[in-house]
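Trainee: here is a sequence with its predicted model. Questions after.
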Amino acid sequence: MSDRRDFFGKVLGAYAGLGALGALYAAKRTWDPLPSVKAAGFTTIDLSQAQENVLYTEMWRGKPIFVLKVPKQDKKAYEDKRLITVGGDKFFIAIGLCTHLGCIPAYYPDQHKFICACHGGQFDAAGEVLKAPPPSPLVIPPFTVKGKKVVLGEAGPEYKKLKEAGLVA
Amino acid sequence: MAHFDPNARPFSHQWLNDRLAVDTLKRVLSTEYWIPKNINFLWAMGMVLAATFGVLLISGIFLLMYYIPDTKQAFDSVNYTIMSEVGYGWLWRHMHGVAASVVFLIIYIHMFTGIYYGSYKRGRELIWLSGMLLFVSFSAEAFSGYMLPWGQMSYWAGMVITNLFSLGSLDFQGLVEWIRGDYVPGQAFLGRFFMLHVLLMPLIIMALIVLHFGTLRLPHVNNKDGEEIDFEAEAEKWKAGKRKEAKVIPFNPVFLSKDTFVLGVYFIFYFYLVFYHFEFAMDPVNFDPADPLKTPPHIYPEWYFLWSYEILRPFPKDPGLIAFGFAQVIFFLLPFLDRSPNVAPANRRGIFKFWFWILLVDMIVLTVMGKVPPIGIYTTIGTVAAWVFIILWVLLPFITKAEKPVRGHK
């Protein structure tokens, strides 16, 4: 008798467990980003009119993108390997969110650096960390250079080279 | 088979008793649930919390009728429709905002009362654990509610807190995007936090309140001396009419009448805040609509999260996260880290007395430092206070292990 009960208990457990797994999977998928959100993932930026040492903020996948034509007098930043050459000029392009906890650092043109107001982190004009808590440089998004334009969201040869060198973040 | 009196008139006392056992329910749940006499007003905080939750629920129901969980309309539905169009909408909003803030003040008083009197030991471990689960649920409820007006502070607090789930160098961006339903907080994010705030979290909180009351039933509430009371014997004395001699009183009506008095005083304080000082619960930054391209110059959480935020702040990213995680779970472990069998007020427990007061002062210092900008001397004080917090908890087992028995406790 008890064997029979045990057996039915196990059958019920397996049956209900399967249902629970299915429901959990559906719940997980319901919380995933929608296809429309994922598809709207490309941004083209025209750099032909950019002025030196002026920060432009664009938007890509809802995130702010910093575009800075790095001033030549800031030698350290100007020689940084993370800069992207477009039409003979060197640009710093990165996701404008502090790598600590995602606040937007502000650019101080006279000091050539970014300062995050949330927890006091600092970056130079090439996005390298000058002062903790941010653990890593500002992140360079996947990009490809097309003439004087840059398309974000598509990994071109220049991006792949940076990534292989471990310089994108 | 129960006996149903065919002559009982519908809805008469006996008719209800036969069907619902109302007398038994009343006896078990209130008139013969025993509370020690040797307590003070701090023992009323549980009922104050229950009443404040009631206020939050009722004011929330009225807000829910006009609030629109849409990133384009949420801000105006709160700041224009509810605040200036809906009759007495401002009242519900201020009641809701102030109660959400004050409820944490009372929770902290309630927690520190428990720590001071050792009300988490000798059969009361589950009271403490279910209470901590309530604290975490209230935190989630407060955070999700803070997202809803979709102001600058809502948006950026949402950004920062969801980023914590990337777990530092583990870089779980996928998890963060899954929680948000987008690369950044957006419509999907607002929708799911709206659901959490108005349905799932309140359901969980209500279930936990029932559990919290349930865990209280057998060990009963503690008393001012940590005395182990034979509740059955003392209850017999009360029932036999020896009310002066008995060490206990019934929950209803004796204890409840005292509770109600404290509630009366509390509500004067609460409505004073609602009518004259609601601004402390209304951050001015959150009166700017959410702007994904502009971080406010200084992001800080509401005052009740400041102490744990300050523990995160002075350290580099990974150690900061570990310290923050430590601060979130360590209070759960209190019944097991306190190795002393003494159930007594902290002031009678030797070194533990200092441990208690240093912890209390340290958490106040952390709270203040979390509010000021992270510069100069504030960073130093914050770092020291964060270390003091961690060291206190590491020391606790050793301090309490070495503690001498108090008043004949073994």
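Mentor: Noted; the coordinates are in hand.
Trainee: can you list contacts of the helix or strand that contains B:Ile179?
Mentor: For B:Ile179, the host element (DSSP states H and E) is helix B:173-180. For helix B:173-180, contacts defined as C-beta atoms under 8 Å, 6 or more residues apart in numbering or on different chains pick out A:28, A:31-33, B:162-163, B:165-167, B:183, B:186, B:188-189. For the C-beta atoms, the positions are set from N, CA and C on the backbone; glycine is no exception.
Trainee: quick one: mean pLDDT for that helix?
Mentor: For helix B:173-180, mean pLDDT is 89.
Trainee: just the ones in strands from the contacts of helix B:173-180, please.
Mentor: Using DSSP state E, no member of the contacts of helix B:173-180 sits in strands.
Trainee: what's the most distant pair in those?
Mentor: B:Leu167 and B:Gly186 (22.2 Å; C-beta to C-beta).
Trainee: those two: which has the busier surroundings?
Mentor: Neighbours per residue (other C-beta atoms under 10 Å in any protein chain shown) separate B:Leu167 from B:Gly186, with B:Gly186 holding more: 20 against 15.
Trainee: gap between that one and B:Thr162?
Mentor: 12 Å (C-beta to C-beta, to the nearest Å).
Trainee: with A:Lys149 instead?
Mentor: Taking C-beta to C-beta, one finds A:Lys149 at 32 Å from B:Thr162.
Trainee: ok, these two, which is more surrounded?
Mentor: Using other C-beta under 10 Å as the criterion, A:Lys149 and B:Thr162 rank with B:Thr162 on top: 21 against 14.
Trainee: helices of chain A, start to end?
Mentor: Along chain A, the segments classed as helices by DSSP state H run A:2-31, A:35-39, A:75-78, A:157-164.
Trainee: show me how far the first one is from its chain's centre.
Mentor: What it means is helix A:2-31. Relative to its chain's centre, helix A:2-31 lies at 40 Å (C-alpha atoms, centre = their mean, to the nearest Å).
Trainee: and what of stretch B:156-175?
Mentor: That offset, for stretch B:156-175, works out to 25 Å (C-alpha atoms, centre = their mean).
Trainee: which one is B:Ala346 nearest to, not counting chain neighbours?
Mentor: Leaving aside its chain neighbours, B:Ala346 sits nearest to B:Phe356 (4.0 Å; criterion: C-beta to C-beta, 6 or more residues apart in numbering or on different chains).
Trainee: with B:Phe315 instead?
Mentor: B:Phe315 sits nearest to B:Ala323 (C-beta to C-beta, 6+ apart), 5.6 Å away.
Trainee: what about the one you found, neighbour count?
Mentor: Using other C-beta under 10 Å, B:Ala323 has 20 neighbouring residues.
Trainee: over to the one 3 residues further on?
Mentor: Using other C-beta under 10 Å, B:Phe326 is surrounded by 16 other residues.
Trainee: now do the contacts for it.
Mentor: B:311, B:390, B:393.
Trainee: how about the residues of chain A by chain B?
Mentor: For chain A, the contact set with chain B under C-beta under 8 Å from any C-beta of the partner chain comprises A:28, A:31-34, A:37, A:57, A:59, A:61-64, A:99-106, A:117-120, A:132-135.
Trainee: count of residues packed around B:Trp178?
Mentor: 16.
Trainee: so how do I select the buried members of the contacts of helix B:173-180 in ChimeraX?
Mentor: Buried members of the contacts of helix B:173-180 can be picked out in ChimeraX with the line below, counting by 16 or more other C-beta atoms under 10 Å in any protein chain shown:
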select /A:33 /B:162,163,166,183,186,188,189
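Trainee: need the residues that contact the least confident helix or strand in chain A by mean pLDDT.
Mentor: Scoring the helices and strands of chain A by mean pLDDT, DSSP states H and E places helix A:75-78 at the bottom, with a mean of 73. Applying C-beta under 8 Å, 6+ apart, the contact partners of helix A:75-78 are A:70-72, A:83, A:90, A:92, A:112, A:124-126, A:128.
Trainee: rewinding a little: which ones among the contacts of B:Phe326 are found in helices?
Mentor: Those of these lying in helices (DSSP H): B:311, B:390, B:393.
Trainee: among the helices of chain A, show the one with the smallest mean pLDDT.
Mentor: helix A:75-78 (a mean of 73).
Trainee: same question for that helix: list its buried residues.
Mentor: A:77-78.
Trainee: got the CA positions of that helix in PDB?
Mentor: Output in PDB follows, covering the C-alpha atoms of helix A:75-78 (Å, rounded to 0.1, in the frame of the first residue of the first chain):
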ATOM      1  CA  LYS A  75      50.200  64.400 -25.100                       C
ATOM      2  CA  LYS A  76      49.600  61.400 -22.900                       C
ATOM      3  CA  ALA A  77      45.900  61.100 -24.000                       C
ATOM      4  CA  TYR A  78      46.800  61.900 -27.600                       C
END
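Trainee: quick one: residues contacting residue 159.
Mentor: If you meant another chain, say so; for now it's chain A. Counting by C-beta under 8 Å, 6+ apart, A:Tyr159 has contacts A:140, A:142-144, A:168.
Trainee: wrong one, I was asking about chain B
Mentor: Contacts of B:Met159 by C-beta under 8 Å, 6+ apart are A:101-103, B:184-185.
Trainee: B:Val160 now?
Mentor: Here B:Val160 is in contact with A:101-103, A:118, B:299 (C-beta under 8 Å, 6+ apart).
Trainee: ok, the residues you listed vs B:Pro374, which is closest?
Mentor: Ranked by distance to B:Pro374 (C-beta to C-beta), those are led by A:Cys118 at 8.1 Å.
Trainee: okay, now the closest one: neighbour count?
Mentor: As a burial measure, A:Cys118 scores 24 neighbours (other C-beta under 10 Å).
Trainee: so for the nearest residue in space to it that is not next to it in sequence, what's the pLDDT?
Mentor: Leaving aside its sequence neighbours, A:Cys118 sits nearest to A:Cys103 (C-beta to C-beta, 6+ apart; 3.9 Å). As predicted, A:Cys103 sits at a pLDDT of 82.
Trainee: I figured A:Cys103 hits B:Ile299, correct?
Mentor: Yes - with contact defined as C-beta atoms under 8 Å, A:Cys103 counts as touching B:Ile299 (6.2 Å).
Trainee: more neighbours, those two?
Mentor: More crowded of A:Cys103 and B:Ile299, by other C-beta under 10 Å: A:Cys103, with 24 against 21.
Trainee: list the contacts for that one?
Mentor: Contacts for A:Cys103 (C-beta under 8 Å, 6+ apart) come out as A:97, A:116-119, B:156, B:159-160, B:295, B:299.
Trainee: same thing with A:Gly87?
Mentor: A:Gly87 touches A:47-48, A:147-148, counting by C-beta under 8 Å, 6+ apart.
Trainee: which of those residues tops the neighbour count?
Mentor: A:Leu47 leads these on contacts (other C-beta under 10 Å) with 19 neighbours.
Trainee: now it: closest residue in space that isn't a chain neighbour?
Mentor: In space, A:Leu47 is closest to A:Val86, 5.1 Å off (C-beta to C-beta, 6+ apart).
Trainee: and the one you found, bridged to which residues?
Mentor: A:Asp89 (DSSP bridges).
Trainee: now it: how far from B:Val406?
Mentor: Distance of A:Val86 to B:Val406, computed by C-beta to C-beta: 75 Å.
Trainee: what packs against the helix or strand harbouring B:Thr113?
Mentor: Element membership for B:Thr113, per DSSP H and E: helix B:89-117. Helix B:89-117 sits against helix B:45-64, helix B:125-147, helix B:256-276, helix B:351-371, with contacts defined as 3 or more C-beta pairs under 8 Å, 6 or more residues apart in numbering or on different chains; DSSP states H and E.
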